[in-house]
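Q: my questions are about this predicted structure, shown below with the sequence.
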Amino acid sequence: MKTSSIRFAATCVFALLAVAAFAQNQSVGKRSAAIRLGQRLFKDARFSSPRGDLQNSCSSCHLQDEDPQGMRAHTDFFARSWVPWRAEDPRREELRNSPTLVDSALMPRLHFDGEFGSLEDLVKGTLAGRPMGWLPGEQEQAFDRVYRIILRDAANEASYRQEFEVAYNVQPTRLSRKEVIERVAQAISDYMRTLKSSRTAPYDSFVKLNNLDEKQAPEQNARLFADRILRKISMLEAAGALKLSAEFDASALNGMKIFFGTGNCIMCHAPPLFTDNSFHNTGISQSEYDQVNGEGSFARLEIPSAAQARRPSPRFRETPSRQKPGCVDLGYWNFVDLKTSPLRRATENDDRFLERMIATFKTPTLRNLAFTGPYMHTGGFSTLESALAELKRLSELARAGRVRDGDDELARIQISDVDIAPLVAFLKTLNEDLKPGRKD
């Protein structure tokens with residue numbers, strides 16, 4: 001009896017393990033199917049407005065190796081991405097440069113102005129937005145189009161209806177339009193969550209080779225972290241034990257010391273993602289506005305107080321032009337929550353906090369810069385050297401009090417012309433080989 005009981009118990013355990021393994025495999029299979037569906041939706045240009053002159057897809061602005069000009073880190077080659085031209089809104093360029101989607105799943109706010117709080121919201125906003133040729137007030141038309149395409153699709157391979165059934169075990173014909181849109185947003189978001197940096201760049205190898213910390217401890221701020229790294233590097237150098245390589249040489253090391261030290265770059269671009277995912281005014285919007293409207297014009301621009309502002313404001317989400325002298329891009333000013341934002345200081349009232357958010361934009365990641373240029377949210381800088389030279393100039397203006405509501409850290413950037421070459425050498429060590437291991 002005892003032997004039989006043991007055998008019975010063992011059989012039950014094995015059966016339960018088999019059931020659990022089967023369920024796990026089913027779950028993995030469903031997730032893989034949803035990701036494949038999301039990738040196909042990501043590349044489908046039929047969701048664009050039929051009234052525009054371009055048929056865009058998500059992948060139109062977020063390329064990998066579809067363009068003969070070379071590899072991209074899921075962004076395009078334009079300073080400002082192209083949007084479908086509409087007679088009612090005759091423009092060719094989007095408001096900003098398209099940021100990379102790599103590691104976007106790790107970012108709490110999306111878009112340079114922090115408009116979206118989730119990938120799903122970003123997807124829905126894009127499918128019904130200007131990148132797809134839709135105008136304000138046309139959201140319902142946009143979602144109607146997505147819904148019809150999903151239901152009527154008759155592709156040569158699997159139709160969307162079949163792919164929905166495999167991924168979600170449901171026929172889209174049995175879902176409401178809202179439910180279909182939610183599933184579409186979910187699938188594209190799940191695909192985007194697979195777009196991750198491998199963290200196998202020369203910098204990552206240097207860190208591992210010398211047993212350096214990969215990221216700051218919870219109790220550390222970026223400055224304490226940087227000081228700790230620089231001290232350890234100094235100790236290793238003094239002992240003759242610091243290990244360099246052909247990919248991370250003395251010039252890159254010099255650039256790293258500037259980046260972590262006097263350059264003050266680390267305060268906004270901390271490893272491992274080389275972004276703090278926060279919002280800063282580095283003077284780029286002011287620089288662009290003044291170039292169009294004259295030196296000092298941004299400082300004189302009337303911007304409403306917190307009580308008077310109606311946000312988001314079309315006027316303050318616009319590319320500067322001589323035809324529209326009062327229009328400019330104020331970034332996160334349009335979307336920051338005055339009551340709940342962690343960026344608000346204890347002593348600030350609504351007006352002062354909103355003033356400090358003027359022309360703030362999300363810190364971009366510095367990983368894979370070789371595949372994301374041109375640079376800044378304006379796309380106004382074709383090389384790293386020119387982007388760094390502009391930051392040097394703006395930091396000097398900030399110390400002179402000439403950047404309107406400039407970020408405190410901007411004034412602390414201390415770099416000279418001779419620092420730019422080693423900084424570029426260091427930034428190049430953050431580039432990965434994007435082709436190996438690609439999933440799409």
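A: Thanks, I have the structure now. Numbers count the residues shown, from 1 in each chain.

Q: how near is the nearest residue to C265 once chain neighbours are set aside to E396?
A: Nearest residue to C265, sequence neighbours excluded (CB to CB, 6 or more residues apart in numbering): F259, at 4.5 Å. For every residue, glycine as well, the C-beta is placed using N, CA and C. Distance, F259 to E396, using CB to CB, to the nearest Å: 19 Å.

Q: for K392, what are its contacts?
A: I413, I415, S416, D417, I420 (CB atoms under 8 Å, 6 or more residues apart in numbering).

Q: again, 6 Å this time
A: Counting by CB atoms under 6 Å, 6 or more residues apart in numbering, K392 touches I415.

Q: same question for I229.
A: Contact analysis of I229 by CB under 6 Å, 6+ apart lists L212, F260.

Q: change it to 7 Å
A: When contacts are counted by CB atoms under 7 Å, 6 or more residues apart in numbering, I229 touches L212, D213, F260.

Q: the second one: how many residues sit nearby?
A: To tie it back to what came earlier, the one meant is D213. D213 has 14 neighbouring residues, counting by other CB atoms under 10 Å.

Q: quick check: phi and psi on it?
A: phi -70, psi 140 (degrees, to the nearest 10).

Q: the residue nearest to C265 in helix, strand or coil?
A: Three-state call for F259 (DSSP: H, G, I helix; E, B strand; the rest coil): helix.

Q: touching, it and A425? I think so.
A: No: F259 is beyond contact range of A425, at 10.4 Å (criterion: CB atoms under 7 Å).

Q: what's the one helix or strand F164 maps to packed up against?
A: Assigned by DSSP states H and E, F164 falls within helix 160-168. The helices and strands touching helix 160-168, judged by 3 or more CB pairs under 7 Å, 6 or more residues apart in numbering; DSSP states H and E, are helix 2-42, helix 177-192.

Q: buried ones in the last one?
A: Within helix 177-192, the residues scored as buried using 16 or more other CB atoms under 10 Å are 177, 180-181, 183-192.

Q: just checking, what packs against it?
A: helix 2-42, helix 119-127, helix 139-152, helix 160-168.

Q: let's see 10 Å
A: Contacts defined by 3 or more CB pairs under 10 Å, 6 or more residues apart in numbering; DSSP states H and E place helix 177-192 against helix 2-42, helix 58-61, helix 119-127, helix 139-152, helix 160-168.

Q: report the mean per-residue pLDDT for the following helix or strand past it.
A: Proceeding N to C from helix 177-192, the next assigned helix or strand is helix 202-209, under DSSP H and E. The average pLDDT within helix 202-209 is 98.

Q: with stretch 322-341 instead?
A: For stretch 322-341, the mean per-residue pLDDT is 96.

Q: worst average pLDDT in the helices and strands packed on helix 177-192?
A: Least confident of the helices and strands packed on helix 177-192, judged by mean pLDDT, is helix 2-42 with a mean of 64.

Q: okay, now the residue nearest to C265: neighbour count?
A: 23.

Q: how about F206, nearest residue that isn't a chain neighbour?
A: F248 is the one closest to F206 (CB to CB, 6+ apart), at 4.2 Å.

Q: spell out which helix or strand contains the one you found, please.
A: Going by DSSP H and E, F248 is not in any helix or strand.

Q: who's in contact with it?
A: Shown in contact with F248 (CB atoms under 10 Å, 6 or more residues apart in numbering): 201-207, 209-210, 256, 425-426, 428-429.

Q: try 6 Å
A: Contacts of F248 (CB under 6 Å, 6+ apart): P202, F206, T429.

Q: if any of the residues you listed are buried, put those into a ChimeraX selection.
A: Of the contacts of F248, the buried ones can be selected in ChimeraX as follows, counting by 16+ other CB under 10 Å:
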select :202,206,429
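
Q: let's have the contacts of F248 in CSV, adding distance to D44.
A: Output for those, formatted as CSV (distance: CB to CB, whole Å):
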residue, distance to D44
P202, 37
F206, 41
T429, 37
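
Q: which among the contacts of F248 gets closest to V328?
A: Closest approach between the contacts of F248 and V328, by CB to CB: T429, at 35.4 Å.

Q: doesn't A252 make contact with the closest one?
A: Yes: assessed by CB atoms under 6 Å, T429 is found in contact with A252 at 5.0 Å.

Q: lowest confidence element among the helices and strands of the chain?
A: Least confident element among the helices and strands of the chain, by mean pLDDT, DSSP states H and E: helix 2-42 (a mean of 64).

Q: quick one on the thing from earlier: list just the nearest of the contacts of F248 to G117.
A: Relative to G117, the closest of those is T429; by CB to CB it sits at 32.5 Å.

Q: show me what contacts that closest one?
A: Per CB under 6 Å, 6+ apart, neighbours of T429: P202, Y203, F248, A252.

Q: now these in JSON lines, with distance to E318?
A: As requested, those are arranged in JSON lines below (distance: CB to CB, whole Å):
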{"residue": "P202", "distance to E318": "40"}
{"residue": "Y203", "distance to E318": "37"}
{"residue": "F248", "distance to E318": "42"}
{"residue": "A252", "distance to E318": "40"}
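
Q: how much space between the residue nearest to V146 when sequence neighbours are not counted and I149?
A: Nearest residue to V146 in three dimensions, chain neighbours excluded: F47, at 5.3 Å (CB to CB, 6+ apart). Distance, F47 to I149, by CB to CB: 7 Å.

Q: which other helices and strands contact the one helix or strand D290 maps to?
A: In the assignment (DSSP H and E), D290 maps to helix 284-293. Where contact means 3 or more CB pairs under 6 Å, 6 or more residues apart in numbering; DSSP states H and E, helix 284-293 is packed against helix 297-300.

Q: confirm that P136 sits in a strand.
A: No: secondary structure of P136 (three-state DSSP): coil, not part of a strand.

Q: now do the SS call for R223.
A: Note that with three-state DSSP, the state of R223 is helix.

Q: the residue nearest to it when sequence neighbours are not counted: neighbour count?
A: Excluding the flanking residues, the one nearest R223 by CB to CB, 6+ apart is M267, at 6.7 Å. As a burial measure, M267 scores 21 neighbours (other CB under 10 Å).

Q: correct me, but M267 touches L410?
A: No: using CB under 6 Å, M267 is not in contact with L410; the gap is 9.7 Å.

Q: I'd like the contacts of I229 as a markdown table, with pLDDT appended.
A: Converted to a markdown table, the contacts of I229 look like this (pLDDT from 0 to 100):
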| residue | pLDDT |
| --- | --- |
| L212 | 97 |
| D213 | 95 |
| F260 | 97 |
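
Q: show me which of these is closest to E93.
A: F260 (36.1 Å).
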